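Engineer: Sequence plus the predicted model coming up.
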Amino acid sequence: MLRINGKEQDVAGQALADYLSSVGYNAARVVVEINEAIVPRDRYAGTILRDGDVVEIVCFMGGG
């Protein structure tokens, strides 16, 4: 189990990029932090979510 935006999720072993896609995030419009470290966008595909990780996903919103 890991915690994503405050909710327990059972997605350990999944690549970050795959997780983002599966839940409808546009990887170009989010910033992801795992265990208090920002993950560079070019590493999303190679970053594997692990038991105990704390993940925060922040979306960019447009407006005026």
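Structural biologist: Nice, I can see it.

Engineer: quick one, helices of this structure?
Structural biologist: 16-22 (DSSP state H).

Engineer: show me where it has strands.
Structural biologist: 2-4, 7-9, 30-34, 37-39, 54-59 (DSSP state E).

Engineer: would you list those in JSON lines and tack on mean neighbour count and mean pLDDT?
Structural biologist: Quick note: C-beta positions are derived from backbone N, CA and C, even for glycine. Below are the strands of the chain laid out as JSON lines (neighbours: other C-beta atoms under 10 Å; pLDDT from 0 to 100):
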{"stretch": "strand 2-4", "mean neighbour count": "17", "mean pLDDT": "97"}
{"stretch": "strand 7-9", "mean neighbour count": "11", "mean pLDDT": "97"}
{"stretch": "strand 30-34", "mean neighbour count": "16", "mean pLDDT": "97"}
{"stretch": "strand 37-39", "mean neighbour count": "12", "mean pLDDT": "98"}
{"stretch": "strand 54-59", "mean neighbour count": "14", "mean pLDDT": "96"}
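
Engineer: Mind putting those strands into CSV with distance to Gly24?
Structural biologist: Formatted as CSV, those follow (distance: least, C-beta to C-beta, whole Å):
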stretch, distance to Gly24
strand 2-4, 13
strand 7-9, 14
strand 30-34, 11
strand 37-39, 18
strand 54-59, 11
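
Engineer: Among these, which comes closest to Ser21?
Structural biologist: For Ser21, the closest of those is strand 30-34, at 11.3 Å, according to C-beta to C-beta.

Engineer: in the sheet, who's paired with the closest residue to Glu36 other than its chain neighbours?
Structural biologist: Using C-beta to C-beta, 6 or more residues apart in numbering and skipping the chain neighbours, the partner closest in space to Glu36 is Val54 (7.5 Å). For Val54, the beta-bridge partners under DSSP bridges are Arg3.

Engineer: do you know how far Val54 is from Gly63?
Structural biologist: The gap separating Val54 from Gly63 is 28 Å, by C-beta to C-beta, to the nearest Å.

Engineer: Brilliant, that's me finished.
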